[in-house]
Structures are given as C-alpha cells and as structure tokens.
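> Below: sequence and its predicted model.
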Amino acid sequence: MRTATVVARTCLCVGTLLVTACSAGATTSGRTPGTDAGGAPPATSPGASPGLTPTHSPTHSPTLSPTLSPTLSPTTRNGTDVVVPPGGPAALTGVPLDQTAPWTPVATASGAPVVWSASFQLPAVGAPVTVSAAVFDPTRLHAALFNGTLLPGGGPWHNGDRVPAAAVPSLVATFNGGFLFKHIHGGYFTEGTVIKPLLDGQATLAVRADGRLVVGVYGRDLTNDGSWVSLRQNLPPMVDQGQVSIDQYPGTYWGNDLHNVWVTERSAICTRTDGRLMYVSMGKIDVRPFADELAAMGCRLGMELDINGGYPQFAWFSGFGTGNRSGTLLDSHMRAPDRSLTGDKKDFIALFDPATLPAGTVV
C-alpha cells in the first residue's frame, strides 16, 4: 500500500558546512517493502543554462544521446577539447519550485571551484531524512575507477585499492561505487578486462580515455566502443528523462540492509539537467521516496550506487598539491574519509585536477 505525505525541508549544518535555513514542500511516497519499486551552485551570468555539446569531439568520442549533451564553451585540457560550464550550478530547486537551497563551494581545481555541496532535512514517513549532495563539473576533473580488494578483487591493477602516492597531490574528491556483484545483473569493465559482462539497459558509470566521467544507459547512450577505460554498472536507472523510472523494471532488487530492512542509507549519482554530475546520499529511506527526491533535485538520469551504513561516502581533500591530504566527509553519518588513501575493499571513483595530475599515474 502506498501513502503520500506532504513534508517540509529544513536546511541544517552537516559536518563543517552551514547551510542557511530554507523550506520547501516535498511529497514523498512510501510502499510495502519488496523487490519491485513498482538546482546547483550560483551561475556567473543570469539565466545561463549550460549544456554539454563539445565543439570538437576527441578521438573515439562515444556517441551520446541528446539527453546527455549539454551546451558549454570549450577549452583545452591535455590537448583534448572539452567543455566547461560558466560559473557553478543554479540554486537547488525543491517542491514547490519557488523554494531553493544554497550550495557551498568545497573543492577547487586550478584555482576555481569544481565541487559544491548542500544538505537539508527531508521529513518523511517516520523520522526526518538527511539529504546531502555534491555537484561537480565533469569537464574540469579527471576521473578514475579504483578497484577494491574485495570488489572486484583480483588484479594486480594499475588502479588498485588506493590512490597512488604520485597522484595524491592532485586528488580533489572521491566517492563510493556500487553493489556487490552477487546483488546485481550488471557488469564491470576496467583496464581492458571484462570482469562481469556488461548488459544493455543498465545505468552505467563510464570513464572516458581522457578522464571524462559520464552517466548513461548502456546500449542506448554508450557502448564499449573503445572510448572508455572503465564501465561500472549497478542497476537500471532510477530516474530517466527527468522522471522516476523504477516501475519500468519490475523485480529489480534495489537493495536492503543486512536485516532485510528496506529503509536504509542510500547513495546515487546522476546527470543533472544543467549537464553537471551530482552525488546524492540520503539516510534511512526506501527506494521510491529516494528516487522521487532525485527527480525533484533536478536529476535527468539517476543511477543508484552503494547502500547501508558506512558504504555511501563522498569526501573532498585538504592539503592540495602536497602528499599530506586529509578528507572531509559530505555527511556526518559517513565514515572513514581517508579510506581511498589507506586502502578500500570496494571500488570507488576518484576525481583529480587534470592540470597537475602526472601522466600515467592513473588510468
């Protein structure tokens, strides 16, 4: 049985970030547990709506559907033409649309902000839920998939269970990967190796050869055509074309905790309507209200990542340019901010400043 509750958002302080008070009515919906589920930093110019269409395509550039193609001004990075949106994301829009939540710049690359964060409370059925999000500019960061000792295991890998010492000074941020293989049908490809076969229709976190990170649906938005160094699948998309899509995938296991409880900590990555990428973590929430909130936050294509306490994690790092880095967590409920430096048992994504990253240190 599904219920609907009108709720109000209240911004709050999370970790070292103070987000000013805001309120926005939001509608969340709950359901009987089961396997079937069925805005941004300030712009520098008013009304700017960046998109993602590069004016020059790199060699072996994958073909992306119009839904993954925003319009931005080009610049050059490591000899490859890429696109950089002006300024930061527009204010996060809630429900109703006349209410917004602010963003705080938390990390820079080459002296300019590239990661912004915001947090607020979403009262839902039961207790209020903390929503924490980080928006980052994929055109100005070099991404790499790292392989944990447990997931995927095996190896040896060039990108092993931790960021290598030579790349540590250029590190900007890290975030968690997806489910254990036994819980998903989707695949995993990295460093020229198919560890688990890739499937059409699965939401896919893809790293291009030039370090560009893309979220797409495999077989529709991207394929393993030689353009990609890593392709990490988890589940079908939770949000597609800006709409909650979980009902299109009956029987999908969207994840519960070790005690068979569906209301648990969840994380996701999505392509926003402005072309930037956004990592979202929510505490103690079921899959449908989670997907509802992703859509309300401006996700155009949303992919669920890992769940349960301790696994969802987004961190940015102080001490840029040195070997002495220290992580700050997006949400106070997250754990082990430096696990990408000391060794992680599961896969994760690391984001680097491409201007200072030594060639060949990561793939």
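Yep, it's here.

> which ones are touching residue 160?
Residue 160 makes contacts with 146, 147, as judged by C-beta atoms under 8 Å, 6 or more residues apart in numbering. For glycine as for every other residue, the C-beta is placed from the backbone atoms N, C-alpha and C.

> so where's the stretch 251-363 of the chain shaky on pLDDT?
257-261 (pLDDT under 70).

> same thing with the stretch 101-250 of the chain?
Low-confidence segments of the stretch 101-250 of the chain (pLDDT under 70): 101, 124-126.

> Which neighbouring elements make contact with the helix or strand hosting residue 269?
Here residue 269 sits within strand 264-272, counting by DSSP states H and E. In terms of contacts (3 or more C-beta pairs under 8 Å, 6 or more residues apart in numbering; DSSP states H and E), strand 264-272 is packed against strand 171-176, strand 213-217, strand 277-285, helix 287-296, strand 299-307.

> got the angle for it vs helix 287-296?
Angle of strand 264-272 versus helix 287-296, following axes from the mean of the first three to the mean of the last three C-alpha atoms, to 10 degrees, is 30 degrees.

> Okay, now the sheet partners of strand 264-272, with direction.
Using DSSP bridges, the strands paired with strand 264-272 in its sheet are strand 277-285 (antiparallel), strand 299-307 (antiparallel).

> C-alpha coordinates for it, CSV please?
Output in CSV follows, covering the C-alpha atoms of strand 264-272 (Å, rounded to 0.1, in the frame of the first residue of the first chain):
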residue,chain,number,x,y,z
THR,A,264,18.3,2.3,4.8
GLU,A,265,21.1,4.7,3.8
ARG,A,266,21.3,5.1,0.0
SER,A,267,23.5,6.9,-2.5
ALA,A,268,23.3,7.7,-6.2
ILE,A,269,25.0,9.6,-9.0
CYS,A,270,23.1,11.5,-11.6
THR,A,271,23.4,13.7,-14.6
ARG,A,272,21.6,17.0,-13.8
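
> Which parts of the stretch 51-200 of the chain are strands?
73-77, 80-84, 92-93, 100-101, 104-109, 112-122, 129-136, 142-146, 171-176, 188-190, 193-196 (DSSP state E, counting those that start in this stretch).

> Show me the one of those strands that comes nearest residue 229.
Nearest of those to residue 229, taken as C-beta to C-beta: strand 188-190 at 6.9 Å.

> Turn the helices and strands packed on strand 264-272 into a markdown table, columns for distance to residue 238 and mean neighbour count.
Below are the helices and strands packed on strand 264-272 laid out as a markdown table (distance: least, C-beta to C-beta, whole Å; neighbours: other C-beta atoms under 10 Å):
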| stretch | distance to residue 238 | mean neighbour count |
| --- | --- | --- |
| strand 171-176 | 16 | 25 |
| strand 213-217 | 11 | 23 |
| strand 277-285 | 10 | 24 |
| helix 287-296 | 4 | 26 |
| strand 299-307 | 5 | 27 |
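
> any chance of these in JSON lines, with distance to residue 319 too?
As requested, these are exported to JSON lines (distance: least, C-beta to C-beta, whole Å):
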{"stretch": "strand 171-176", "distance to residue 319": "9"}
{"stretch": "strand 213-217", "distance to residue 319": "23"}
{"stretch": "strand 277-285", "distance to residue 319": "21"}
{"stretch": "helix 287-296", "distance to residue 319": "32"}
{"stretch": "strand 299-307", "distance to residue 319": "26"}
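
> Please identify the helix or strand for residue 332.
Under DSSP H and E, no helix or strand contains residue 332.

> Same list, the strands of the stretch 51-200 of the chain, but as a markdown table with distance to residue 355 please.
Converted to a markdown table, the strands of the stretch 51-200 of the chain look like this (distance: least, C-beta to C-beta, whole Å):
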| stretch | distance to residue 355 |
| --- | --- |
| strand 73-77 | 8 |
| strand 80-84 | 12 |
| strand 92-93 | 28 |
| strand 100-101 | 31 |
| strand 104-109 | 7 |
| strand 112-122 | 10 |
| strand 129-136 | 16 |
| strand 142-146 | 9 |
| strand 171-176 | 11 |
| strand 188-190 | 24 |
| strand 193-196 | 29 |
